[in-house]
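1. structural data only, the sequence is not supplied:
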């Protein structure tokens, strides 16, 4: 499959970057990326596998990331205020919400004249995909939520050590790239390791495509201020697949288990040795699971 060039569309008042693959006449699968993940974080091999199974595959940059419009000029609350909000209910105002990002996602379908699609989201993208499925049920045919959580208190919450690493400041001894490599290795998949050199090359390529650290903090604010989705999850009727790594340190497996708890018909598949990455060795299995869920 030849790699598609990046194109642009208008969604929810934003100019958004996207790529699509496969026959436009085939059922669409929309891939929703995670926190500060550009569309290229969805492996091309996974896109190819899904196209080979008869889908049109669309991946896109969320707001504030990649080549999509940035929300410049709006500051996120500090990490300290977000912590106080979570534990003490101190009020904070985020520049935008996960609901806004769900509306962006539906806008992608609108711009491409796609009435219904299967949706697959990882991490923050799983949260957004859950919202899209619950809030816009007429638009979604099936949901796959990967290494994500329900948003309910105490579920899928990283340890203090991981949280500190995610917001570690740059210093004269540690660059942003160094921090990013360390973070990847901390939350990665222990049974499917990547060398520091391979991780560094991947992150450098992404940074060359686009870099917007302020967007990272604004997306964190959207996640941390989002209410739990238990009631919304209970309303979902379409087929649901939940994929999680047993060794996920960023969004522990309790997040996937709790998501499944609120969707009686959901299928939960937990992978031993998988952390908060999409290991190349597991991509054929993921594609087959997504295909079977879509065909239910």
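-> Thanks, I have it. Source: prediction; values computed, not measured.

2. sticking with residue 145, tell me its helix or strand.
-> Assessed by DSSP states H and E, residue 145 sits inside strand 140-146.

3. which elements pack onto the next helix or strand after that strand?
-> Proceeding N to C from strand 140-146, the next assigned helix or strand is helix 160-166, under DSSP H and E. If you count contacts as 3 or more CB pairs under 8 Å, 6 or more residues apart in numbering; DSSP states H and E, helix 160-166 packs onto helix 176-187. Bear in mind the C-beta positions are built from the backbone N, C-alpha and C, glycine included.

4. next secondary structure after the helix it packs on?
-> Counting by DSSP H and E, what follows helix 176-187 is helix 196-209.

5. state the mean pLDDT of the helix or strand following that following helix.
-> Once helix 196-209 ends, the next helix or strand along the chain (criterion: DSSP H and E) is helix 213-224. In this model, helix 213-224 has a mean pLDDT of 94.

6. give the buried residues for helix 213-224.
-> For helix 213-224, burial by neighbour count (16 or more other CB atoms under 10 Å) applies to 214, 215, 216, 217, 218, 219, 220, 221, 222, 223, 224.

7. out of those residues, who's nearest residue 168?
-> Nearest to residue 168, judged by CB to CB, of the buried residues of helix 213-224 is residue 216 at 12.1 Å.

8. leaving out chain neighbours, which residue sits closest to that closest one?
-> With sequence-adjacent residues excluded and distances taken as CB to CB, 6 or more residues apart in numbering, residue 216 is closest to residue 36, at 4.4 Å.

9. state the distance from the one you found to residue 56.
-> Between residue 36 and residue 56 the distance is 26 Å, computed by CB to CB, to the nearest Å.

10. just residue 35 next, same as before
-> For residue 35, the distance to residue 56 equals 26 Å [CB to CB].

11. and residue 215, how far from residue 92?
-> Going from residue 215 to residue 92 by CB to CB gives 18 Å.

12. again with residue 145
-> Per CB to CB, residue 145 is found 26 Å from residue 92.

13. ok, residue 158 next?
-> Distance, residue 158 to residue 92, by CB to CB: 19 Å.

14. what about the two, which has more around it?
-> residue 158 (19 against 16; other CB atoms under 10 Å).

15. just the element for the residue nearest to that one when sequence neighbours are not counted, please.
-> Distances taken as CB to CB, 6+ apart put residue 250 closest to residue 158, at 5.2 Å, once the chain neighbours are dropped. Counting by DSSP H and E, no helix or strand carries residue 250.

16. quick one: residue 77 and residue 221 touch, right?
-> Yes. Look at residue 77 against residue 221 with CB atoms under 8 Å: they come within range, at 5.6 Å.

17. mutual contacts of those two, please.
-> Jointly contacting residue 77 and residue 221 under the rule CB atoms under 8 Å, 6 or more residues apart in numbering are 92, 94.

18. check contacts around residue 152.
-> Contacts here follow CB under 8 Å, 6+ apart; on that basis residue 152 touches 228, 229, 230, 258.

19. quick check on these: which are buried?
-> For the contacts of residue 152, a burial check counting by 16+ other CB under 10 Å picks out 229, 230, 258.

20. redo the residues you listed as TSV? Include distance to residue 133, pLDDT and secondary structure.
-> Output for the buried ones among the contacts of residue 152, formatted as TSV (distance: CB to CB, whole Å; pLDDT from 0 to 100; DSSP: H, G, I helix; E, B strand; the rest coil):
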residue	distance to residue 133	pLDDT	secondary structure
229	10	98	coil
230	14	98	helix
258	16	98	helix
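
21. and residue 83, what pLDDT?
-> pLDDT, residue 83: 81.

22. then the one 3 residues further on?
-> For residue 86, the model assigns a pLDDT of 79.
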